[in-house]
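A.B. asks: The following block contains a protein sequence and its predicted model.
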Amino acid sequence: QVQLVESGGGLVQAGGSLRLSCAASGRTFSIYVMGWFRQAPGKEREFVGNINWNSGWTYYADSVKGRVTISRDKSKNTVYLQMNSLKPEDTAVYYCAGAAHVGINTRPSEYDYWGQGTQVTVSS
């Protein structure tokens, strides 16, 4: 099994920045892709972006492209989501997820492991 723990959420003003972290433990060697998703109240879980654990190749949703950067630190088994120019519509619970296979990896169903989520609130 793999355990994922997010941290770094909080309250930030519009235009500000925030960096989320996701620490992985357990059978981390089974993870090929790490993804970030978010879910606002009353809405479906939305893909934000992902990173191939080995190659470092990243892919982002159009809604956040240019404002977010995903990176990873293999030595710490940690993935980061750097978010800049935050908007009130970015307010959501942010989740990191791990996929045990490589695919399109933009859908929640493609991920095998999930963190508990961290709240990000952007005030206007």
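C.D. replies: Yep, that arrived.
A.B. asks: now the most centrally placed residue in the chain, which residues is it bridged with?
C.D. replies: By Cα atoms, centre = their mean, the chain has its centre lying nearest to Trp36, at 2.2 Å. Bridge pairing for Trp36 (DSSP bridges) gives the partners Gly49, Cys96.
A.B. asks: check contacts around His101.
C.D. replies: Shown in contact with His101 (Cβ atoms under 8 Å, 6 or more residues apart in numbering): 32-33, 110. C-beta: built from backbone N, CA, C; applies to glycine.
A.B. asks: Which of these fall within strands?
C.D. replies: Applying DSSP state E to the contacts of His101, the entries found in strands are Val33.
A.B. asks: Out of the contacts of His101, who's the most crowded?
C.D. replies: Using other Cβ atoms under 10 Å as the neighbour test, the contacts of His101 are led by Val33, with 23 neighbours.
A.B. asks: Now it. Nearest residue, chain neighbours left out?
C.D. replies: Ala99 (4.2 Å; Cβ to Cβ, 6 or more residues apart in numbering).
A.B. asks: The one you found: neighbour count?
C.D. replies: 22.
A.B. asks: From what I see, it and Glu110 are in contact.
C.D. replies: Yes. With contact defined as Cβ atoms under 8 Å, Ala99 reaches Glu110; the gap is 5.6 Å.
A.B. asks: Show the pLDDT at the residue nearest to the centre of the chain.
C.D. replies: pLDDT, Trp36: 98.
A.B. asks: now swap in Val5 and tell me
C.D. replies: 97.
A.B. asks: Tell me which helix or strand it sits in.
C.D. replies: In the assignment (DSSP states H and E), Val5 maps to strand 2-7.
A.B. asks: That strand pairs with which strands?
C.D. replies: strand 18-26 (antiparallel).
A.B. asks: buried residues in the partner strand?
C.D. replies: By 16 or more other Cβ atoms under 10 Å, the buried positions in strand 18-26 come out as 18, 20-24.
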